[in-house]
Every structure is written in C-alpha cells, then in structure tokens.
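S.K.: Need the 3D shape of this:
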Amino acid sequence: ETSTSVLRVLLTKVSLRPPFLMGEVVSRFSTWSEIFSCLRASCHIPLFGGFLPYPVPEHGWYYDGLLWNSLFVPWRTFGTRDT
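M.R.: The predicted model follows:
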C-alpha cells in the first residue's frame, strides 16, 4: 500500500485476442506478493526465462516491458508528488 502510485512498472501484456501484445503500466498494488509478481514479470525475457509469459495473479500474463518504447506507453505522470 505504501508503494501505490509511487512505483510504476512497465509490462507487456500477452492476450489471445488482438492486440496480442500491449504495453501496460501497473501502479496500484494490494499486497507485497503482487509487487513481487509485477517486478518478476518485468524481468521476464522470452527464451531466456522460458517461452511462456510470466503470470501475475488477477492481472494476466506478461513479458518484459522493454519491448515498448516509452513514447508509445503513457507511463509517466507529472504531479505534485513527482520529483
């Protein structure tokens, strides 16, 4: 709960319907295990970490967010808490 809206994790969501790969930002977490799963999924590189995407409970299946250029995914915000 303390990291909600402070930590933002860029992931690549895998779906069976088009678009098959989509950039997604996760910034709300309910438990420490959810934070760990999102961070683990953000490090999952296909073929090196296994062929299948990494599952994040209650969110879906993900690959590393490095597949996305930060210009295409609105993951940065500029508010009063940003430094």
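S.K.: Now do the same for the closest residue to residue 22 other than its chain neighbours: helix, strand or coil?
M.R.: Excluding its sequence neighbours, the residue lying closest to residue 22 (Cβ to Cβ, 6 or more residues apart in numbering) is residue 13, at 4.9 Å. Placement of C-beta: from N, CA and C, glycine included. Assigned by DSSP: H, G, I helix; E, B strand; the rest coil, the conformation of residue 13 is strand.
S.K.: who touches residue 13 in this structure?
M.R.: Contact analysis of residue 13 by Cβ atoms under 8 Å, 6 or more residues apart in numbering lists 21-24, 60-62.
S.K.: go again using 6 Å as the cut-off
M.R.: By Cβ atoms under 6 Å, 6 or more residues apart in numbering, the residues touching residue 13 are 22, 24, 60, 62.
S.K.: buried stuff in stretch 21-38?
M.R.: Across stretch 21-38, burial judged by 16 or more other Cβ atoms under 10 Å covers 23-24, 26, 29, 34-35, 37-38.
S.K.: Over to stretch 52-62?
M.R.: Within stretch 52-62, the residues that count as buried by 16+ other Cβ under 10 Å are 53-54, 56, 61-62.
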